[in-house]
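Q: I need the structure of the sequence given here:
(chains A, B and C)
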Amino acid sequence: MKRKTSQVASELIKRLDTHLNDESIGNPFFPERGIQPFPLTTDGFKTIQNVDSDKKTAFVDGGNQEVLGAPNFSVQLNRVYFGMWSGNKRIPERSIPKRIEFFAATFSDFERGEIQYSTSLFPLAGEEAILPRERDLSFSSMDRSITVGNQRADIYRVGSISRRFSELVLAKSVVENELAPGDVILLDGTLQTAFPNEYAYLAELSQAAQKKGVILGGLSKTSALFTDTGYSLLGALDKLSAEKGITSEWYYPIADGTSKDHFVFILGVKLNAISERIFRLEIQRDQFLSLDERELNELLTQLVRNSADYTFPGYPYGLIDADRFARVTSSEREHYFAILRSQMAAMGKWEKFYRHVKATDAHNVLNKLG
Amino acid sequence: MHQFAHMADVHLGANRHGKMAELEIGAFVRAMDMCITRKVDFIVISGDLFHVGVPSDLNTVRQAVAKMREVTEHGIPIYAIYGSHDYTPTSTSIIDVIESAGLLTKIVKPQVIDGTLKLECVVDARTGAKLVGISARRMGLEREYYDMLDREELERLDGFKIFAFHSGIDELKPEYLSRMDSIPISLFPKGFDYYAGGHVHQHSEHRLPGYDRIVFPGPLFAGYGRDFEFTAKGERRGFYIVSFDQTVTDVEFVETVLVESMFKEYSLTGLNSARAQDTLAESFGSLDVDGKIVVLKIRGELSGGKTSDIDFVHLQNLLYDRGAVDVHLGRRGLTSADYASIKVAGEDVTIIEERLFKENVGTVHTNIPELQGDSGVKLSLELLRVLKEDKNPAENKKEYEARMIEDALGVLQLKGAFEK
Amino acid sequence: MTRMEELEIVGQIIAGKVAHILIREKTDTKIELGNLLVAESRNGLLILQVHNLFYGSQVSREVLELTAGLELEGRGGSLEFFDESLRNYVLAEARAVALVSGNRVTIPKALPDFFSSVRHVVNEDLRFMDVPENTAYLGKVRSGSNVLDVPVRLNAQDLFTHHVLIPATTGRGKSNLVKVLLWSVVNDDNLGVLVLDPHDEYYGGRGKELGLSNHPDAKDKVKYYSLAAPAGTNTLVINLKSIMPWHIEELVNLTDPQSEALYGYYFAHKKDKQWIEAIFKDERPENVAPMTAAVLQRKFKTALGLDVNEQGDLICYNRAFSATSGESTLSEMIAALESGMIVVVDTSRLSDKAELLIGSLVINEILTKYQRYKQETGSSGVSKLEDKPVVSIVIEEAPRVLGADVLSQGGDTTYSTVAREGRKFKIGLVAITQLTSVIPTTVLANLNTKIIFGNEMASERNAIISSAAQDLKEDYATIGSLDKGEAIVSSIFTKFAIPIQVPLFDDYVAEYPSRGTREDKHDIHLKPNRRVV
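A: This next block holds a predicted model:
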């Protein structure tokens, strides 16, 4: 029997409502070990004090798209980019290229009884030296850090790993060549490692940063963190800040991470008074602890000043900028696909590759059928 | 009430021989006598009293001077300006001689101050009339004086004032004199009571805004050259007697006809030279020319022979024998088919044809646009041109006729229209 | 260093298609509507003309609107646009109008190189336009509101024989242009111009503003006719004998009987030509009914201001016509035109009909003569017409004689005949009008140079654009934004539609190199010992 949609909607909302706890906020909950959360109280908010400086913040981001793929190979275009800002002023780079572009061609081999993925890198623009090591991009297709449940890791995912590593390599180069002590290098996302061999790159970056006196951080746009009452963590902070009646920019220490894979101090930050968004900011732990209040506010002031763009108040424009210039668009993907395809045809290889491509092509066909 | 006489273009000495010379001086004498009889207060001569600045025929001069003495002895002053003929740029002219004898007064009293020409006026003692004038120079070069003239000063003169001049005026010259050098009326000072003109050999009175009375008397006699034809065609010759007190009250043209004139035109088209001679002789033989000045115009195209085959001297003598005073025989319009001649400007056959068609196309009632207006004229001319074509020696009459018809139909865009 | 490197780049070509090339404007430079820009390529200089401007932004419209709202309501706080000049900019839409390679100029057929930089045009780029032998001066090249030092001169013979249309609403500077143009051709002996001047603005003099009378050679090269003629100029008076029945038929609507009657009078007075006087003196030819004669009298009275006084004498209230004077006026005007003079007729005190009649008299006469010359061969073996100067007629409010309703009612006028056929006989028309839309396209198509001034009216702009020598579709907005003195020259003699700035006549005259004046001549003739008789 067909029921009215409004009736169905009403039942749905009632059920959600019972599960949505709006009363007890609780405290931050981290499933992983080595993270010590702090209680959520209205007293925990700290207003960001305005501290003028001419310090710089470098923002790094990357993008990638599969240009040609099959179950047993994946060719991806990767792009990583950095931009430097001092507050709301863009600072031009001195020596290293702003943008690194390369193809990552990952292919599968059957080795030691298992499917192994290996990757070769083909730079398009930028210094070869600012690329990750190819050997670090070889994994077993069953490596748990990249599988989805019990399913073998999609070869496509390896492309994302190339990109992530190259972000870290570029960040290190930026720290060494473009930044000065007291400056900040900020990645998009957390400083938590997830992929095989990723820790090595993060460690190299972290060492370079500490050696130079450049603060390493990461800002996440989204957060899946909860409190121990099932509340969304950032939602909880938002509610608390409203109760507190804070009208200016603030930060809130959320947790202290000491594990090897996640050696950071985690803050919740609101970087513009009229913004409704709260973001998760992670700073390398040792560096964070070495900052005094003034220095911390100086760092945060830079972020506040950089987060005053009309299009996304409260979010650092440097990251918007980095995202825009690192992104690989669909039209670019198609453009490179066409080049590859025609080159393959010229070399008489298209038929061979296409046999493999067809296996994952059903989606595209369905899409075209409307 | 006062009166003055206004005359011009007497051209004494233009006709130097015999009866014509007599008639010429006779006209002047007669005019002067009439001035005495009519008791005019003064006489204005607007140039070209004499035909040249230094006449060789002193007999004419003597007679003229004698008459002028008589006039002045009657208390009638004569005021004059130079014309385009009776002045000399470099030496003394006859007018100067007569003036120095006290028989006339030149009324051109110029002074150039700061590039402006100022004219002093001469005041007639009896009437108080103020007279100023500008003499002529050859080829209308007096234009420069008019350009420099201080008109405002002259316009401020009060009382009755006369401006004497010897020039054509742009706005007033007749069509046949359109090429004559002339001066725009705007260069004349406004507001004079009388503008006493000379140089134009036809009498006329005009009015233009700001210039109430512009008068040309024309010659007293027949004048010279083309004047004879006009006289023979009825142009009256004489001078003006103008009555005035504060302003002009009357302008009277007084004729000085001493002799009759006659004009006749002949067309010799289609005649050969011999036949033409006979025709003219026959005609001349019947004309009443006794005591008259005879002006003849011979034109046309002789079908054969040369124009010089015709003995015009003999023909002229026929007329003299019959008592003609003077014979002027114009034959520029006479040509011969055997010999090409230069077309006379303004008498082109094509112009005449076009004008005729233009005049008459409006009278054709038709709805067909091609036959109306300019298209109709064009079509007519083309048709005429086609139909004027001569027969080729190679074709016979029938072929010629057929060709004519075909060409004509072609022009009318009716080819094939009459085929069965 | 190439010119491109020396001169400031003002934009970059980023997209578009033929006639709609998109250029992003560089920050702190200003691209204007109508600007001429240059992109350098291997094949030469590509000249582009901007015909549209609009805003471009990397920020979505909604955000922009919201942002504006925040600012306007004072709630923006410390917010700003980062990278403002990068993200918000101006886009110019242009079309390529000419490809210049040395002295060779062609119409471009390919798109410019993608991403080429563009700069403003400079004088040297347009060197090809300056043809000193050409006498007809129109103004200087204008790029947007910037005037370059590049004169725009056209060949006078070509320009005038192929007819000119000057469409403009009041106050845009068309009279100023005509004055400048005429001044520049005063000394061209191969050109005679008849100017019907209904506002008496071209000759000057009489303590009024400067005009053609101030030209150093005005005395020999400019003739002026007016009812109030200043000293040295001619009084406008034309004898009635100069008027023929076909002139009247063009001027006045006549029925067939009236037309017949007209010709009846004419033929009856073939010899003395006093047929018009006869109409008023009741000397009726046999075939003319009294009623018809009365109607003709009335029509002449209205059209020419003729009447009889109590004494029975014919009076011309319209002093431009006379029964007794002005016999040679027409011949003199024609002779002046044939000798390459400018003849200005002040018609400011005349009715429309009288003005048009005078024009018609002159044109008819010159047209007849020139048609004849064309048929006759001169001594050099070519047509006599070859040695004759071009004659052009300047007429204002052209729809009076070229308008569709006028032509459909009464058929072709003398003026429309000149527009259609005059070129064959070296006779041209300069038609000035506020309303182009009422002139039939068949006539407009013959007016091969259009000097277009500003016009707000949509219908007029469309009419002008659709008949122009170049594709001006994209200039619709530009034409609406032309300021006083700014114009676009669209001609079959120009490679592209050239934007010009017409100089103020007084400034143009001041620039003109002085030559011998009247005063010099007088010095020669007025030496103290020279007798003035």
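Q: Helix, strand, or coil at whichever residue of the stretch 401-533 of chain C sits closest to chain A?
A: Proximity of the stretch 401-533 of chain C to chain A (CB to the nearest CB) peaks at C:E474, 28.6 Å away. For the C-beta atoms, the positions are set from N, CA and C on the backbone; glycine is no exception. For C:E474, the secondary structure call by DSSP: H, G, I helix; E, B strand; the rest coil comes out as helix.
Q: Let me know the secondary structure of the residue nearest to it when sequence neighbours are not counted.
A: With sequence-adjacent residues excluded and distances taken as CB to CB, 6 or more residues apart in numbering or on different chains, C:E474 is closest to C:H51, at 3.8 Å. Following three-state DSSP, the label given to C:H51 is strand.
Q: lowest confidence element among the helices and strands of chain B?
A: helix B:349-361 (a mean of 76; mean pLDDT, DSSP states H and E).
Q: tell me which residues in that one are buried?
A: By 16 or more other CB atoms under 10 Å in any protein chain shown, the buried positions in helix B:349-361 come out as B:E353, B:E354, B:F357, B:K358, B:E359, B:V361.
Q: For C:L472, give me phi and psi.
A: When read as degrees, to the nearest 10, the backbone of C:L472 gives phi -110, psi 20.
Q: Grab the nearest non-local neighbour of it.
A: Of all residues beyond its chain neighbours, the one nearest C:L472 is C:I465 (4.5 Å), with distances taken as CB to CB, 6+ apart.
Q: Can you get me the start-to-end distance on stretch B:259-273?
A: One end of stretch B:259-273 sits 33 Å from the other (CA to CA, to the nearest Å).
Q: Could you say which helix or strand holds the residue nearest the centre of chain C?
A: The centroid of chain C falls nearest to C:I166 when counting by CA atoms, centre = their mean (4.2 Å). According to DSSP states H and E, C:I166 maps onto strand C:164-167.
Q: That strand packs against which elements?
A: On a contact count with 3 or more CB pairs under 8 Å, 6 or more residues apart in numbering or on different chains; DSSP states H and E, strand C:164-167 meets helix C:174-185, strand C:427-433, strand C:449-452.
Q: please redo it, this time with the cut-off set to 10 Å
A: When contacts are defined as 3 or more CB pairs under 10 Å, 6 or more residues apart in numbering or on different chains; DSSP states H and E, strand C:164-167 sits against helix C:174-185, strand C:390-395, strand C:427-433, helix C:441-444, strand C:449-452, helix C:458-466, strand C:486-491.
Q: tell me the average confidence for it?
A: Strand C:164-167 comes out with an average pLDDT of 96.
Q: pLDDT score for the most centrally placed residue in chain B?
A: Residue closest to the average C-alpha location in chain B (CA atoms, centre = their mean): B:H201, at 4.7 Å. Here, the pLDDT recorded for B:H201 equals 92.
Q: who's in contact with B:G300?
A: Neighbouring residues of B:G300 by CB atoms under 10 Å, 6 or more residues apart in numbering or on different chains: B:265-271, B:276, B:331, B:333-336.
Q: now do the same end-to-end measure for stretch A:259-276.
A: One end of stretch A:259-276 to the other measures 31 Å (CA to CA).
Q: Stretch A:39-58 now?
A: 32 Å.
Q: And stretch C:444-462, by the same measure?
A: In stretch C:444-462, first residue to last residue: 13 Å (CA to CA).
Q: repeat for stretch B:160-168
A: End-to-end span of stretch B:160-168 (CA to CA): 24 Å.
Q: And stretch C:22-34, by the same measure?
A: End-to-end distance for stretch C:22-34, by CA to CA: 14 Å.
Q: roughly how far out does that stretch sit from the chain middle?
A: Put simply, stretch C:22-34 sits 33 Å off its chain's centre (CA atoms, centre = their mean, to the nearest Å).
Q: where does the stretch 301-450 of chain C come near chain B, residue by residue?
A: Within the stretch 301-450 of chain C, the positions adjacent to chain B are C:319, C:322, C:324-332, C:334-335, C:364, C:367-369, C:371-372, C:375-376, C:411-412, C:414, C:417, C:421 by CB under 10 Å from any CB of the partner chain.
Q: what's the burial count for the residue of the stretch 151-300 of chain B found nearest chain C?
A: Closest to chain C within the stretch 151-300 of chain B is B:S178: 3.7 Å, counting by CB to the nearest CB. Using other CB atoms under 10 Å in any protein chain shown, B:S178 has 18 neighbouring residues.
Q: Extract the CA atoms of the helix or strand harbouring B:Y145 and return them as CSV.
A: Assigned by DSSP H and E, B:Y145 belongs to helix B:143-148. Taking C-alpha atoms only, helix B:143-148 is exported to CSV below (Å, rounded to 0.1, in the frame of the first residue of the first chain):
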residue,chain,number,x,y,z
ARG,B,143,36.0,95.3,-58.2
GLU,B,144,39.0,95.9,-55.9
TYR,B,145,37.9,99.5,-55.3
TYR,B,146,34.5,98.3,-54.2
ASP,B,147,36.1,95.8,-51.9
MET,B,148,37.9,98.6,-50.2
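Q: before we move on, the earlier item: a markdown table please, covering the helices and strands packed on strand C:164-167 and showing mean pLDDT and mean neighbour count.
A: Listed next are those as a markdown table, based on pLDDT from 0 to 100; neighbours: other CB atoms under 10 Å in any protein chain shown:
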| stretch | mean pLDDT | mean neighbour count |
| --- | --- | --- |
| helix C:174-185 | 94 | 23 |
| strand C:390-395 | 96 | 26 |
| strand C:427-433 | 95 | 27 |
| helix C:441-444 | 90 | 18 |
| strand C:449-452 | 96 | 26 |
| helix C:458-466 | 91 | 18 |
| strand C:486-491 | 94 | 25 |
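Q: Present those as a markdown table; the columns should include distance to C:E201.
A: Formatted as a markdown table, those follow (distance: least, CB to CB, whole Å):
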| stretch | distance to C:E201 |
| --- | --- |
| helix C:174-185 | 5 |
| strand C:390-395 | 12 |
| strand C:427-433 | 12 |
| helix C:441-444 | 25 |
| strand C:449-452 | 17 |
| helix C:458-466 | 23 |
| strand C:486-491 | 18 |
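Q: Indicate which one of the ones you listed is closest to A:A125.
A: Closest to A:A125 of the helices and strands packed on strand C:164-167 is strand C:486-491 (CB to CB; 46.0 Å).
Q: so C:Y137 touches C:V150, yeah?
A: No - applying CB atoms under 10 Å, one finds C:Y137 not in contact with C:V150, separated by 12.0 Å.
Q: nearest residue to A:S138 other than its sequence neighbours?
A: That would be A:S118: by CB to CB, 6+ apart, it lies 4.4 Å from A:S138.
Q: any idea whether that neighbour is helix, strand or coil?
A: Following three-state DSSP, A:S118 is assigned to strand.
Q: How many residues are close by it?
A: Applying other CB under 10 Å, we find 16 residues neighbouring A:S118.
Q: Identify the bridge partners of it.
A: A:F107 (DSSP bridges).
Q: repeat for the one 4 residues further on
A: Beta bridges link A:F122 to A:F103, judged by DSSP bridges.
Q: counting contacts, what elements does the least confident helix or strand of chain B pack onto?
A: Using 3+ CB pairs under 10 Å, 6+ apart: helix B:349-361 touches helix B:373-387, helix C:245-251, helix C:256-268, helix C:352-375.
Q: buried ones in the first one?
A: Going by neighbour count (16+ other CB under 10 Å), the buried part of helix B:373-387 is B:G373, B:D374, B:G376, B:V377, B:K378, B:L379, B:S380, B:L381, B:L383, B:V386.
Q: where's B:Y400 relative to B:D407, distance?
A: In this view, B:Y400 and B:D407 are 11 Å apart by CB to CB, to the nearest Å.
Q: Please state the offset of stretch B:11-19 from the chain centre?
A: In terms of CA atoms, centre = their mean, the centre of stretch B:11-19 is set 18 Å apart from its chain centre.
Q: now do stretch C:114-124
A: With CA atoms, centre = their mean as the basis, stretch C:114-124 stands 32 Å off its chain's centre.
Q: Then stretch C:363-383?
A: For stretch C:363-383, the distance from its own C-alpha centre to the chain's C-alpha centre is 26 Å (CA atoms, centre = their mean).
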